[in-house]
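*Asks:* this one's structure only:
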């Protein structure tokens, strides 16, 4: 059984909060962690009926928090009042979501192996589904660059993991990170990551962070790391390892206003400085899959973890994204 199958099974049988005798929800590894979150803060569960929740994206003009329940093949929206409504059902096993420079929702779809954009009238425009004349693998996560380009990762989870898409053989020779220019041009930026997954930009746009999740596909010796690529004039340089994990694999990423990195990991959301210093962890009862800043003041951290979506208020805000 694949690792992600096991994690989904555990998530479906667990609630967010661990028992009173368990380890603390907030774990500090550096005194500076106290600058980010009040020691008494606790996550609030917003939703707990998913199968594999992913793609959290704060979009108040669309009703609140957009969530992809990948294995249920649907998307939902959680309103500020806590109400949950369908958003797209079916969703083509949608995964990552991000708003573009005009506030339109861009979504990575596993089943169709494409990246699409939702127009203001609800219609869908395909931004990317091919590269080099061949279908993409299964677009996973996306990020908005300061210049308005959409960058996305293209591992093989959606074509190899049951219930996350249609299983097939990859047509691409590599698992790349791609860039979609505002004019529509698609360009492969790097194939130096075995299974690129989460992606996010530093506040100044000069660094793009990508999670390497090769260890998540029946490969105990595969890489499990957060990588940083320098970005200059629409090109990227060689990666630097920000952090390597001992177990599991990092997934989605979020960046705060000071450039700190929030990584969804098997033991919760780990918070790092750009130099790799681990500040602390927001523990989750089941493996975390994605993170997103949002809320009215921009300081609410949304966390998806298996069947659950939760939120915790921090002392800091998310990085301001280009619009």
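*Replies:* Yes, it's here. Quantities reported herein were computed from a predicted structural model and do not represent experimental measurements. Residues are numbered from 1 along each chain as shown.

*Asks:* what's the burial count for residue 88?
*Replies:* Neighbour count of residue 88, defined by other Cβ atoms under 10 Å: 20. Using the backbone N, CA and C atoms, a C-beta is placed for each residue, glycine as well.

*Asks:* shouldn't it be in contact with residue 72?
*Replies:* No: the criterion here is Cβ atoms under 8 Å, and residue 88 misses it with residue 72 at 11.3 Å.

*Asks:* quick check: bridge partners of residue 308?
*Replies:* Per DSSP bridges, the residues bridged to residue 308 are residue 305.

*Asks:* and what of residue 178?
*Replies:* Counting by DSSP bridges, residue 178 is bridged to residue 152, residue 188.

*Asks:* burial measure for it, as a count.
*Replies:* Per other Cβ under 10 Å, the neighbour tally for residue 178 reads 22.

*Asks:* go on, residue 238?
*Replies:* Neighbour count of residue 238, defined by other Cβ under 10 Å: 9.

*Asks:* can you check residue 241 too?
*Replies:* By other Cβ under 10 Å, 12 other residues sit near residue 241.

*Asks:* give the contact list for it.
*Replies:* Contacts for residue 241 were tallied using Cβ atoms under 8 Å, 6 or more residues apart in numbering; they are 225, 226, 227, 228, 276.

*Asks:* if I look at the third one, how far off is residue 211?
*Replies:* With the distance defined as Cβ to Cβ, to the nearest Å, residue 227 ends up 7 Å from residue 211.

*Asks:* neighbour-wise, which of these two wins?
*Replies:* Counted by other Cβ under 10 Å, residue 227 and residue 211 do not tie: residue 211 has more neighbours, with 32 against 23.

*Asks:* surely that one meets residue 253?
*Replies:* Yes: the criterion here is Cβ under 8 Å, and residue 211 meets it with residue 253 at 6.3 Å.

*Asks:* shared neighbours, the two?
*Replies:* 198, 199, 226, 263.

*Asks:* which helices and strands does the helix or strand that contains the first one pack with?
*Replies:* Which is residue 198. Following DSSP states H and E, one finds residue 198 within strand 196-201. Packing partners of strand 196-201 (3 or more Cβ pairs under 8 Å, 6 or more residues apart in numbering; DSSP states H and E): strand 142-144, strand 150-153, strand 207-212, strand 253-255, strand 261-265.

*Asks:* any idea of the mean pLDDT for the last one?
*Replies:* Looking back up the chat, that one is strand 261-265. What strand 261-265 shows for mean pLDDT is 98.

*Asks:* got the angle for it vs strand 196-201?
*Replies:* Here the directions of strand 261-265 and strand 196-201 differ by 160 degrees (axes from the mean of the first three to the mean of the last three Cα atoms, to 10 degrees).

*Asks:* now do strand 261-265 against strand 207-212, angle only.
*Replies:* With the same axes, to 10 degrees applied, the angle from strand 261-265 to strand 207-212 works out at 10 degrees.

*Asks:* hmm, back to that, which of the contacts of residue 241 sits closest to residue 289?
*Replies:* Distance to residue 289 across the contacts of residue 241 (Cβ to Cβ) is lowest for residue 226, with 14.9 Å.

*Asks:* wait, doesn't that closest one sit right on residue 242?
*Replies:* Yes: using Cβ under 8 Å, residue 226 is in contact with residue 242, at 4.3 Å.

*Asks:* would you list the helices and strands packed on strand 196-201 in TSV and tack on distance to residue 317?
*Replies:* Formatted as TSV, the helices and strands packed on strand 196-201 follow (distance: least, Cβ to Cβ, whole Å):
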stretch	distance to residue 317
strand 142-144	17
strand 150-153	22
strand 207-212	18
strand 253-255	11
strand 261-265	12
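
*Asks:* out of these, which is closest to residue 34?
*Replies:* Among those, the nearest to residue 34 by Cβ to Cβ is strand 261-265 (16.0 Å).

*Asks:* direction included, what does that closest one pair up with?
*Replies:* strand 253-255 (antiparallel), strand 268-272 (antiparallel).

*Asks:* kindly reformat those as CSV and extend each row with mean pLDDT and distance to residue 187.
*Replies:* Conversion of the strands paired with strand 261-265 to CSV gives the following (pLDDT from 0 to 100; distance: least, Cβ to Cβ, whole Å):
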stretch, mean pLDDT, distance to residue 187
strand 253-255, 98, 21
strand 268-272, 98, 28
